[in-house]
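S.K.: return a 3D structure for these sequence lines:
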Amino acid sequence: MKSSIRPTRLTPTLIINSKVIKNDLENLGIVANKSLTVAFPPVPEEYLPSFIRGVIDGDGWVQRTGYVMNITTGSLLFAIGLYSVFEEWRLRTEITRTTSQTGNSIYRVWVKGKKDLPKLADIIYNTTYDNYITYKKENMTRHKTEEEL
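M.R.: Residues are numbered from 1 along each chain as shown. Got it, this is the predicted structure:
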């Protein structure tokens with residue numbers, strides 16, 4: 001009878017047994033479970049819209065009807081940083097917290113409202129750079145009036 005071993009993980013894992021290498025990596029900011037503790041980075045103002053667009057493309061969800069958008073993160077520090085940016089941009093925003101199946105906190109930073117999503121889109125898509133997830137932009141701009149187009 002043949003048996004086969006199936007991987008329990010689909011994501012490759014690197015195991016480092018050297019304390020020296022581990023310490024060197026930690027000094028460079030690479031730590032275990034970084035996604036749970038990463039702070040919102042200091043992004044220069046001129047690049048902030050592009051950075052937020054990338055975060056939305058990577059970890060964001062935009063409701064098809066165009067009334068709601070959220071970004072999911074495991075880091076409260078990152079969530080607070082996003083929240084601050086959205087507040088500064090005068091968007092209707094909030095942070096909610098749930099718990100994952102493994103017991104970790106999951107934070108969602110929300111922007112809500114049929115006027116606020118097009119306003120966010122104006123900020124983050126106001127560039128000549130056109131490499132983004134198209135349907136997210138379309139959903140965010142769904143409620144723009146004819147005068148605004």
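S.K.: switch to C-alpha atoms for all contacts and neighbour counts from now on
M.R.: Noted.
S.K.: what about residue 10, which SS state?
M.R.: coil (DSSP: H, G, I helix; E, B strand; the rest coil).
S.K.: if I look at residue 87, how far off is residue 29?
M.R.: Here the criterion is C-alpha to C-alpha, to the nearest Å. By it, residue 87 lies 28 Å from residue 29.
S.K.: residue 72 now?
M.R.: 22 Å.
S.K.: among the two, which residue is more densely surrounded?
M.R.: The residue with more neighbours, out of residue 72 and residue 29, is residue 72; 21 against 11, by other C-alpha atoms under 10 Å.
S.K.: ramachandran angles for the residue lying closest to residue 86 once chain neighbours are set aside?
M.R.: Spatial nearest neighbour of residue 86, chain neighbours left out: residue 93 (6.5 Å); criterion: C-alpha to C-alpha, 6 or more residues apart in numbering. Dihedral angles of residue 93 (phi, psi; degrees, to the nearest 10) stand at phi -140, psi 160.
S.K.: quick one: the helices in the chain, in order.
M.R.: Counting by DSSP state H, the chain has helices at residues 19-27, 48-59, 76-88, 116-124, 134-140.
S.K.: out of those, the one nearest residue 110 is which?
M.R.: Nearest to residue 110, of all the helices of the chain, is helix 76-88, at 8.2 Å by C-alpha to C-alpha.
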